[in-house]
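Turn this into a structure:
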Amino acid sequence: MENGVVNLANGLDEKEFRLEICCLNKAGEFASRVRKRNAVRVLDKPPGFSWQAVRRLRKVFEEVQPAIVHTHNLGTLIYSVLARPRNSRLPILHGEHAEFAEVDLTLRRRVQRAVLYRQVEKIVPVSESLGEHLISHGAPADKMAAINNGVDTERFVPGNRSAAREQFGLPQEAVVLGMVGRFGPYKRHDLLIAAFEDFAKANPNVHLLLVGGGGPEEKRIRELVERSPVRCQILWAGFKPDPLSCYQAMDMLVLPSFNEGMSNAALEAMACAVPVLCHRACGHADIIHDGVNGYVRNIESAPELARILSELLARQGELRVAGRAGRDFVVQKLSWQRMREAYAELYRQTARTWKLTPTATTI
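Below you'll find the predicted structure:
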């Protein structure tokens with residue numbers, strides 16, 4: 001279950017919307033944050049395609065009788081289209097959260113999406129630029145309804161850096177770089193670690209805080225950290241249900257990801273007035289204006305990232321200004337309240353179009 005799904009489920013008006021969250025494989029760490037008024041179901045789908053999971057999901061549809069299904073990424077769309085009862089008046093809103101990776105551009109995946117996109121009412125990318133990316137790869141423009149990710153600017157706020165560093169055992173006078181996210185190959189933790197090793201050998205006052213858990217690369221990245229020649233300057237914090245203090249301990253968030261829609265970690269860091277350095281990936285340019293409220297650079301290699309870090313960290317005053325500008329930007333443009341109301345209005349509009357009671361099931 002993704003963090004954004006939990007935030008949306010908890011934030012919608014319970015008098016207007018009733019949500020059921022259905023996970024194909026497992027609920028995941030964020031499930032503990034779902035409020036009791038929202039049900040969570042897990043289908044326990046085994047690896048690979050499963051007709052049994054299709055049948056289980058169909059039973060969920062028959063039992064719950066949802067007005068709207070909101071899928072997230074390709075896997076749930078496949079299962080929802082197959083499980084939807086025949087001749088059913090069940091509109092599907094389909095969320096896309098990242099630009100297409102190489103595997104998504106194979107003939108098989110392109111055909112799957114071309115067929116499945118015909119079955120949905122709207123395609124909902126998490127940023128305007130992601131919507132343009134999808135259209136450039138054949139998604140129907142008339143079905144696009146982009147809703148930018150938002151962040152809770154009342155929860156994620158600048159805080160006591162000294163107390164946050166004490167919590168993690170980080171030196172008070174250190175320069176702390178951080179990365180927050182799941183360990184997928186597109187995140188490029190390995191590139192950041194290599195760049196940090198290059199930079200940290202000559203800068204013993206610099207530390208790296210790694211926050212997150214899960215993903216196919218977690219074991220390999222942990223081994224890289226354990227073998228690192230600057231291991232004493234790297235803190236592995238693991239998964240944190242509430243990462244607020246992690247951001248508050250940082251001087252800069254570094255996101256070398258090459259595949260994003262609109263990074264929640266970037267938004268959370270900006271809300272905490274932490275400047276963000278990111279790769280020029282889809283979605284980042286929508287929220288970060290280079291040199292104004294953060295930094296967007298072409299990060300193609302570890303030596304290049306080490307050079308960029310050296311350049312930026314030499315200008316601490318400029319970093320603080322960019323951090324404050326980042327918070328101002330998300331408060332004005334990308335608040336959680338704006339995102340929540342945009343989704344609520346999309347659900348209402350879909351209900352009006354289909355003449356339905358506006359109750360949504362999120363998958």
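
residue ranges with poor pLDDT in the stretch 151-300 of the chain?
Within the stretch 151-300 of the chain, the ranges that satisfy pLDDT under 70 run 282.

Show me the helices in it, by range?
161-168, 189-200, 218-227, 244-248, 264-271, 284-287 (DSSP state H, counting those that start in this stretch).

So which elements touch the last one?
Think helix 284-287. Packing partners of helix 284-287 (3 or more Cβ pairs under 8 Å, 6 or more residues apart in numbering; DSSP states H and E): helix 128-136, helix 264-271, helix 316-333. For the C-beta atoms, the positions are set from N, CA and C on the backbone; glycine is no exception.

again, only using 10 Å
Contacts defined by 3 or more Cβ pairs under 10 Å, 6 or more residues apart in numbering; DSSP states H and E place helix 284-287 against helix 128-136, helix 264-271, strand 276-279, strand 295-297, helix 316-333.

got CSV for these, with distance to residue 35 too?
Below are the helices and strands packed on helix 284-287 laid out as CSV (distance: least, Cβ to Cβ, whole Å):
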stretch, distance to residue 35
helix 128-136, 28
helix 264-271, 19
strand 276-279, 30
strand 295-297, 36
helix 316-333, 24
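
With mean neighbour count and distance to residue 352 added, can I get these in CSV?
Below are the helices and strands packed on helix 284-287 laid out as CSV (neighbours: other Cβ atoms under 10 Å; distance: least, Cβ to Cβ, whole Å):
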stretch, mean neighbour count, distance to residue 352
helix 128-136, 19, 22
helix 264-271, 27, 30
strand 276-279, 24, 38
strand 295-297, 19, 39
helix 316-333, 17, 27
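
I'd like to know which of the ones you listed lies nearest to residue 19.
Nearest to residue 19, of all these, is helix 264-271, at 19.3 Å by Cβ to Cβ.

Output that closest one in PDB, but only the C-alpha positions, please.
Provided in PDB are the C-alpha atoms of helix 264-271 (Å, rounded to 0.1, in the frame of the first residue of the first chain):
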ATOM      1  CA  ASN A 264       6.400  12.400  -2.000                       C
ATOM      2  CA  ALA A 265       9.800  12.500  -0.400                       C
ATOM      3  CA  ALA A 266      10.700  15.600  -2.200                       C
ATOM      4  CA  LEU A 267       7.500  17.300  -1.200                       C
ATOM      5  CA  GLU A 268       7.900  16.300   2.400                       C
ATOM      6  CA  ALA A 269      11.400  17.600   2.500                       C
ATOM      7  CA  MET A 270      10.400  20.900   0.900                       C
ATOM      8  CA  ALA A 271       7.600  21.300   3.500                       C
END
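
Give me the distance from it to the chain's centre.
The chain centroid and the centroid of helix 264-271 are separated by 10 Å under Cα atoms, centre = their mean, to the nearest Å.

Deepest-packed of the helices of the stretch 151-300 of the chain, please.
When you average the neighbours per residue for each of those (mean count of other Cβ atoms under 10 Å), helix 264-271 leads with a mean of 27.

Confirm for me that residue 257 is in contact with residue 189.
Yes - in terms of Cβ atoms under 10 Å, residue 257 counts as a neighbour of residue 189; the distance is 9.5 Å.

Next, show the common contact partners of those two.
Here residue 257 and residue 189 have 179, 181 as joint contacts, going by Cβ atoms under 10 Å, 6 or more residues apart in numbering.

and residue 17, backbone torsions?
phi -130, psi 140 (degrees, to the nearest 10).

between the helices and strands packed on helix 284-287, which gets nearest to residue 22?
The closest of these to residue 22 is helix 264-271. By Cβ to Cβ, the value is 21.3 Å.

got the angle for the closest one vs helix 316-333?
Angle between the axes of helix 264-271 and helix 316-333 is 110 degrees (criterion: axes from the mean of the first three to the mean of the last three Cα atoms, to 10 degrees).

Residue 55 contacts residue 83, correct?
Yes - proximity of residue 55 to residue 83 meets the contact threshold set by Cβ under 10 Å, at 7.7 Å.

which residues are common contacts for those two?
By Cβ under 10 Å, 6+ apart, residue 55 and residue 83 have these common neighbours: residue 43.

Could you check which of these two has the larger neighbour count?
Applying other Cβ atoms under 10 Å to residue 55 and residue 83 shows that residue 83 carries more neighbours, namely 23 against 12.

these two touch, right, that one and residue 52?
No - if you go by Cβ under 10 Å, residue 83 and residue 52 don't touch, sitting 11.3 Å apart.

got any residues that touch both of those two?
Common neighbours of residue 83 and residue 52 (Cβ under 10 Å, 6+ apart) are residue 43.

The helices and strands packed on helix 284-287: which one's closest to residue 209?
helix 264-271 (11.6 Å).

Residue 185 and residue 220 touch, don't they?
Yes - counting by Cβ under 10 Å, residue 185 touches residue 220, with 9.5 Å between them.

Let's see stretch 310-319 as PDB, backbone CA atoms only.
This file holds the C-alpha atoms of stretch 310-319, laid out as PDB (Å, rounded to 0.1, in the frame of the first residue of the first chain):
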ATOM      1  CA  SER A 310      30.800  19.600  -3.500                       C
ATOM      2  CA  GLU A 311      29.600  22.700  -5.400                       C
ATOM      3  CA  LEU A 312      26.300  23.000  -3.500                       C
ATOM      4  CA  LEU A 313      27.500  22.200   0.000                       C
ATOM      5  CA  ALA A 314      30.100  25.000  -0.300                       C
ATOM      6  CA  ARG A 315      27.200  27.500  -0.300                       C
ATOM      7  CA  GLN A 316      25.300  26.700   2.900                       C
ATOM      8  CA  GLY A 317      23.600  30.100   3.000                       C
ATOM      9  CA  GLU A 318      22.200  29.600  -0.500                       C
ATOM     10  CA  LEU A 319      20.900  26.100   0.600                       C
END
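
Right, I'll call it a day here.
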